Structure formats: C-alpha cells, structure tokens
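Undergrad: quick one: sequence plus predicted model below, questions after.
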Amino acid sequence: MSKIIELRNKRNTLWEQTKAFLEQHRDENGLVAADAVEQYNRMAADVKALGEEITRLEDQMEMDARLSAPTSAPVHADPKADARKAARPTATEGYNRAFWDMMRGNNSLEVRDALSVGVNENGGFTVPDEFERQLIQGLEENNIFRTLAHTIHTNSGTRTIPLATDSGSASWIEEGAAIQESDMSFAQETLSAYKLGCMIKVSNELLNDSAFNIAAHIAQRFGVRFGNAEEDAFINGTGPSANPQVTPSQPTGILTSLTASAGNITEDAVTVHFDNIYKLYYSLKSPYRRKASFLCNETLLLQLMLLKDGNGNYIWKPGLEVGKPDTILGRPIYTSGYMPAISGDAAQDKNKKVLLFGDFSYYWIADRQSRTLKRLNELYAVTDQVGFIGTQRVDGKLILPEAMQVMALGSGKGNG
C-alpha cells in the first residue's frame with residue numbers, strides 16, 4: 001500500500017513538473033518549440049508509465065487479497081450433508097478432481113461417471129465452478145470493458161430486456177375534472193448467446209507435473225485470449241450476421257451502436273481541442289453524467305493531457321488515491337487498445353470515433369453459463385502435446401443509446 005501511495009505522489013509531482021516545463025517553453029505567441037515538445041512527450045510518457053505500474057501493483061494487491069481470503073465456510077454439525085444439499089454438481093470437490101483427472105488423460109469409467117453431470121453436447125465438459133471463477137478473473141484482468149459494463153448470467157440462449165421508452169406525464173386539471181390517462185410505453189431488446197472459442201497446446205510434461213498448477217495456467221491463457229476478443233467485440237463488434245458462414249455473429253459493439261452528432265465531430269482530423277471535450281461532456285443528458293466515464297485509445301490520452309480549460313487549468317488530473325482512476329473534467333477516464341487510435345495522418349484518421357463518454361452500465365453483457373473445456377488427445381501427439389478447446393457463449397449490446405455519446409474526428413485540418 002505504501003509503495004502505491006509513494007508512486008502516486010511521485011507521478012503527481014512529475015506531472016506538475018511536466019506542466020511547468022511546457023509553460024516555461026512557450027514563446028510570446030503561446031507556441032512551443034519542437035525540441036521542447038519532444039521533451040514534454042518523454043516526460044508525459046514517464047507519467048503514463050508510472051500510471052501503468054500503479055495499476056499493476058493495485059491488481060497484485062487485489063489478487064493477494066483474494067488468495068488470502070477464506071476458502072471454505074464455517075463448519076456446521078454435518079458439513080458433508082450441507083455441502084451435498086447446497087452445492088451445484090459442478091461445484092463439488094469430486095467433480096473438480098475428476099475434471100482435472102480427465103484433462104490429464106485419465107479416462108477411467110469412474111472419472112467419466114463423475115463428469116456425467118457436466119457433459120456438453122459437443123463432447124466437452126463444463127468447467128468446475130472454482131475454475132470458472134478463475135477464468136472470469138482472467139477475463140476481467142484483460143478486459144477493461146467488463147469492469148464498466150453491466151453483466152447478467154443466463155441459462156437460456158436469449159434474454160429479453162424490457163425498456164421503458166416513455167414514462168408518461170402528469171398534467172394540471174381543474175377541481176372535479178377528469179384525470180387524463182398517461183400510460184407508459186415499452187420496447188424490448190434481446191441479448192443472444194454467440195459462441196467464442198480458442199485452442200491452446202500444453203505439453204504432457206506440464207500436465208503430469210503434480211507440482212504445476214495446470215488449472216491456473218490454462219485459466220490464464222484462455223482468459224487473456226477471451227478477454228481480448230471480448231473487448232474488441234464489445235467496442236467494435238458487428239452484431240448478428242446476415243451470413244454467419246462468412247461472418248460469424250458476435251456482440252454489437254458500442255461504437256457500432258452510436259453515431260456522432262454534428263456538435264461532436266471535430267474540425268481537425270488529427271487533433272482534439274478543449275471545446276470538443278466540453279461539447280461532448282454537455283451533449284450527454286445530465287442524469288447520465290453523474291456516473292459517466294470517458295474511454296479512448298492511449299494515443300488520444302496523450303493529447304488530452306495537454307488540454308486546458310478557459311481558465312488555463314489542465315483538464316486531465318492524475319488519480320492520487322489508491323484505486324482511483326485519472327479524470328477528465330472530474331469524470332474517470334480509461335483506455336483500451338481496441339478504441340480507434342489517432343495515427344496523425346488526416347486521411348486515415350477522419351471519421352474515426354475516438355472518444356466515448358457516458359454511463360457504461362447501460363451496455364449489458366450476457367454470459368450464458370457455463371464455459372466448457374475439451375481435451376484433444378491425438379491432434380498434437382507427434383509433438384507430445386495435448387490440445388485444449390475452450391468455448392463460451394456471450395453477447396453484448398448498448399440497451400439505452402441515450403446514455404452514451406461519442407466524438408468523431410472530422411475531415412479538415414482546422415483548429416477545432
């Protein structure tokens with residue numbers, strides 16, 4: 001904890017020095033020499049690197065807390081009876097042991113019988129509950145979007161979400177007059193379950209090494225791959241496909257659901273200015289601003305760190321407290337490598353949707369339980385390896401578009 005606080009203070013001090021350096025090298029016209037800009041960029045990159053190290057330490061601290069947490073409930077009079085009564089079949093120790101025996105190659109009838117409750121129609125086995133929690137943990141560590149969005153779990157293929165499109169209204173009436181009807185109007189959004197999968201290889205030496213935590217290893221590898229694919233889809237996904245054989249269906253990305261309003265299109269194709277951020281902020285309805293966050297690529301973040309408001313104050317503020325994000329105009333800002341990057345080439349950058357602002361809890365993610373894992377015995381036998389196929393079903397959609405606004409780059413080279 002003390003190390004994190006120390007780094008946060010160091011980062012804040014460096015940021016103040018960086019801002020002061022920039023001000024010292026402005027000429028009477030407010031311009032900064034090219035060599036000074038290069039030095040500023042290096043200093044700003046150091047600020048960013050400190051932020052990344054702080055995030056890593058905070059993640060490590062959270063992981064340590066999870067690992068040191070109690071792993072079992074208090075013992076009652078008949079703990080075995082309570083466990084049998086409360087646990088799902090895939091949550092039992094017997095299923096967990098049999099599952100990993102099967103993954104290591106034990107195909108005995110006893111093992112297969114123990115796994116019968118988790119057989120998938122495609123020949124795989126539902127992962128044990130404890131492993132599934134590890135996998136979800138891996139997804140969240142590699143997927144910033146899941147920490148911002150709203151996640152639901154479903155056992156069916158689709159989930160229908162009712163939306164109130166009109167809440168009705170009250171009206172003034174004279175004494176004794178009839179009260180007018182004002183019914184609510186409803187619409188529906190449907191979340192489906194699109195299949196995501198990948199395959200990894202593990203050597204037989206690792207599988208048979210009792211000292212090696214094979215569950216954690218597989219969870220980490222699947223977690224990174226699933227997390228990356230999910231975040232890309234949640235941001236840029238094309239949604240249900242008209243021709244699934246050519247383009248598989250996937251979640252509907254938040255950028256796919258939004259169109260930048262005229263006021264949120266910059267004049268400059270490669271540079272964002274304070275007025276653009278200000279307009280984006282106030283284009284979002286005030287009820288949503290209270291819980292709103294910004295999301296962009298890191299190439300834009302370096303630009304945002306330079307922006308000042310009308311009083312000459314930098315609008316980007318580093319988070320000083322443990323677990324607190326950096327902010328723009330007082331609202332949290334996060335970065336994702338799957339948000340469109342600014343390349344600096346006007347021809348390439350025009351029309352890119354580069355900055356999101358809104359309440360991300362209105363983007364819903366539907367996880368269809370449960371994830372499955374299948375062992376491939378023969379495919380990599382010549383290299384003494386075993387393949388594993390992991391699959392999951394997930395969908396995502398912005399269910400209330402008015403809760404989110406997006407800023408896009410224009411096609412000109414003006415001053416925004």
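TA: Yep, that arrived. Everything quoted here is computed from the prediction, not taken from an experiment.

Undergrad: just to check, residue 380 is in contact with residue 201?
TA: Yes: contact status for residue 380 versus residue 201: in contact at 5.5 Å, counting by Cβ atoms under 8 Å. (Each C-beta comes from the backbone N, C-alpha and C, glycine too.)

Undergrad: of these two, who's got more company?
TA: Looking at residue 380 and residue 201 with other Cβ atoms under 10 Å, you find the greater number of neighbours at residue 380, namely 16 against 13.

Undergrad: residues contacting the more buried one?
TA: By Cβ atoms under 8 Å, 6 or more residues apart in numbering, residue 380 lies in contact with 201, 386-387.

Undergrad: how about low-confidence regions in the stretch 101-250 of the chain?
TA: Low-confidence segments of the stretch 101-250 of the chain, defined by pLDDT under 70, are located at 101-132, 141, 157, 163-169, 181-186, 210-212.

Undergrad: would you list every one of the strands in it?
TA: 125-126, 150-154, 159-166, 185-191, 194-203 (DSSP state E, counting those that start in this stretch).

Undergrad: what about residue 231, neighbour count?
TA: Counted by other Cβ under 10 Å, the residues lying close to residue 231 total 22.

Undergrad: meant to ask about residue 47
TA: Residues near residue 47, counting by other Cβ under 10 Å, number 21.

Undergrad: that one looks like it's in a helix, true?
TA: Yes: secondary structure assignment (DSSP: H, G, I helix; E, B strand; the rest coil) places residue 47 inside a helix.

Undergrad: that one against residue 15, yeah?
TA: Yes: here residue 47 lies in contact with residue 15, judged by Cβ under 8 Å, at a distance of 5.1 Å.

Undergrad: may I have stretch 330-347 exported as CSV, CA atoms only?
TA: As requested, C-alpha coordinates have been extracted for stretch 330-347 and formatted as CSV (Å, rounded to 0.1, in the frame of the first residue of the first chain):
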residue,chain,number,x,y,z
GLY,A,330,-13.9,15.4,-12.9
ARG,A,331,-15.1,12.2,-14.6
PRO,A,332,-13.0,8.9,-14.8
ILE,A,333,-11.1,8.2,-17.9
TYR,A,334,-10.0,4.7,-19.1
THR,A,335,-8.1,3.5,-22.1
SER,A,336,-8.5,0.5,-24.3
GLY,A,337,-6.2,-0.7,-27.1
TYR,A,338,-9.4,-1.5,-29.1
MET,A,339,-10.6,2.0,-29.3
PRO,A,340,-9.6,3.6,-32.6
ALA,A,341,-6.1,5.1,-32.5
ILE,A,342,-5.1,8.5,-33.8
SER,A,343,-2.3,8.0,-36.3
GLY,A,344,-1.6,11.6,-37.2
ASP,A,345,-2.5,11.1,-40.8
ALA,A,346,-5.6,13.2,-41.6
ALA,A,347,-6.6,10.9,-44.5
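
Undergrad: what does stretch 46-54 rub up against?
TA: Counting contacts by Cβ under 8 Å, 6+ apart, the residues touching stretch 46-54 from outside are 4, 7-8, 10-11, 14-15, 18, 298, 301-302, 305, 318, 326.

Undergrad: element containing the closest residue to residue 272 other than its chain neighbours?
TA: Using Cβ to Cβ, 6 or more residues apart in numbering and skipping residues adjacent in sequence, the residue nearest residue 272 is residue 303, 5.4 Å away. Residue 303 is part of helix 298-304 when elements are defined by DSSP states H and E.
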